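> A structural model of the following input is requested.
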Amino acid sequence: MVQSIFSSLGKVYFEVDPTVTSESNLDVRRYLRGTLLPALVDDPVILQDSDRDRPPLLKITLWDEFEPVIRANISQREAARVIKEKHTAKEHGGIFLSLEKAVKLYHVTTRVLLNSFSHSFTICKVLLNGPGFAPEQTKYFQILPKENESYNSLYLQMVWAMIRKELGDEFDMKFVYNSRQRNHLNTLLDCLWRDAEQSTEMSEKNVLCAYHAFCWSLVHSPEPMSQKQWGNPIQRFLWLKALWSDGSFLPAKDVTPILVQLKYFCRLVTLYEVLANYDATLPAMEDPIQQVGRHHTLALQLGMVTPFNMVYELQQFVSALVYNQVADPQVYVDPNYEWISIGRETLHLQRLREGMQHLVQTVKEMTCCQRPQ
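Numbering: from 1, shown residues only. From the prediction side, this is the model:
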């Protein structure tokens, strides 16, 4: 009966198995495991019939055109899910524990370095707005508190996915690197292996330096290869992060916070690059504010082909999609018609009736008072 509703469309949306009926004595769970699940092994991703059926997010990101073979392969989609999973303590000799310490220390060290400068507020303004910003500009970059773990978790997930793939993960998508990124990734791996074995203060410091060098090579990549479509490792990680196990992608509202975190990552790495390499004892050293302005021009300035601009422009588009989406009304009516809930607000109908009666009575009294005798 349900299937007949869609018969005029010429497509089969529902199929009824005549073997399973309310009168049959089948073990439904065993039947489904033996018949239905094996038939889903080759689960193809159904493409849209026309560009009109394509979600607006995919029209701008082209995620559905990238690696179509991986999306159509159920084993590869499972591999994509596994490569994003949280690491275990003993995975690859414990190098991801060293990486996790470095990611957390990186955030703390940036805060300590920033607070050591007397003009830290101006530095944060220049980092966000660029050199030559208007004096009345009030926006500035803020380092998140220690309690915020979601940002670090995303950065850790991004780097460990790249390392897992580098160490031979079965997921077929490759993170393409230029020569500088490749060298820094190999150095980071060497430092992680050494710290996992030794775990000394010096080895932790080396991991932190190698981690920053690799992150800075991701954020500042002027090489022509990195500016091509899908030539940016951050862009490929975003595709991997948005990919669901069924071959579809995250909706726009769930992509927005990821883009915000990646924007913060680009700014944080740029700030660390300036502060960690600043040496006031050198006579030819630039003022830190000028250095931040110069690095902003290199990696964060709008209108250039950079990873930051890719993330920034995509966030503007995705945010517009989210704002224009019509949300379902959150209205609930009590079965006894005693109250109506709208979002977090509750309207009691008895009070509404009493209020309306009081309002009508007040209008009557005011009208009688003003009636000419």
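
> pLDDT (mean, whole number) over the helix or strand containing Trp239?
Per DSSP states H and E, Trp239 falls inside helix 233-242. Average pLDDT, helix 233-242: 94.

> Ok, stretch 366-373 next?
Mean predicted lDDT for stretch 366-373 stands at 68.

> In terms of pLDDT, where does the closest residue in space to Gln330 that isn't next to it in sequence sit?
Excluding the flanking residues, the one nearest Gln330 by CB to CB, 6 or more residues apart in numbering is Gly343, at 5.0 Å. From N, CA and C alone the C-beta is placed, and that goes for glycine too. pLDDT for Gly343: 75.

> can you check the one 10 residues further on too?
Turning to Arg353, the model gives it a pLDDT of 87.

> just Leu114 next, same as before
As predicted, Leu114 sits at a pLDDT of 92.

> again with Glu78
91.

> how near is the residue nearest to Gln330 to Tyr332?
10 Å (CB to CB, to the nearest Å).

> just Trp239 next, same as before
38 Å.

> Compare neighbour counts for those two and give me the winner.
The residue with more neighbours, out of Trp239 and Tyr332, is Trp239; 18 against 11, by other CB atoms under 10 Å.

> Help me confirm that the more buried one comes into contact with Glu65.
No. Taking contacts as CB atoms under 8 Å, Trp239 lies outside contact range of Glu65: 10.5 Å.

> Burial check on Gly355, number of neighbours?
Around Gly355 there are 11 residues (other CB under 10 Å).

> Next, it: secondary structure please.
helix (DSSP: H, G, I helix; E, B strand; the rest coil).

> in this structure, which helix or strand is least confident?
The least trusted helix or strand in the chain, going by mean pLDDT, DSSP states H and E, turns out to be helix 2-5, with a mean of 61.

> Just the CA coordinates for the following helix or strand past that one, please, in CSV.
Moving toward the C-terminus from helix 2-5, the next helix or strand (DSSP H and E) is helix 28-31. The C-alpha trace of helix 28-31 is given here as CSV (Å, rounded to 0.1, in the frame of the first residue of the first chain):
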residue,chain,number,x,y,z
VAL,A,28,12.8,-11.8,11.7
ARG,A,29,16.2,-10.8,13.2
ARG,A,30,17.8,-14.0,11.8
TYR,A,31,16.1,-13.5,8.4
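
> Helix 28-31: how far from the chain's middle?
39 Å (CA atoms, centre = their mean, to the nearest Å).

> likewise stretch 187-205?
29 Å.

> same thing with stretch 248-255?
That offset, for stretch 248-255, works out to 9 Å (CA atoms, centre = their mean).

> Show me what it is in contact with.
45, 56-58, 63-64, 241-244, 258, 318, 321-322, 325 (CB atoms under 8 Å, 6 or more residues apart in numbering).

> Name the residues of that stretch that are buried.
248-252, 255 (16 or more other CB atoms under 10 Å).

> ok, now stretch 272-287?
Under the neighbour-count criterion of 16+ other CB under 10 Å, stretch 272-287 has 272-275, 278 buried.

> All set now, cheers.
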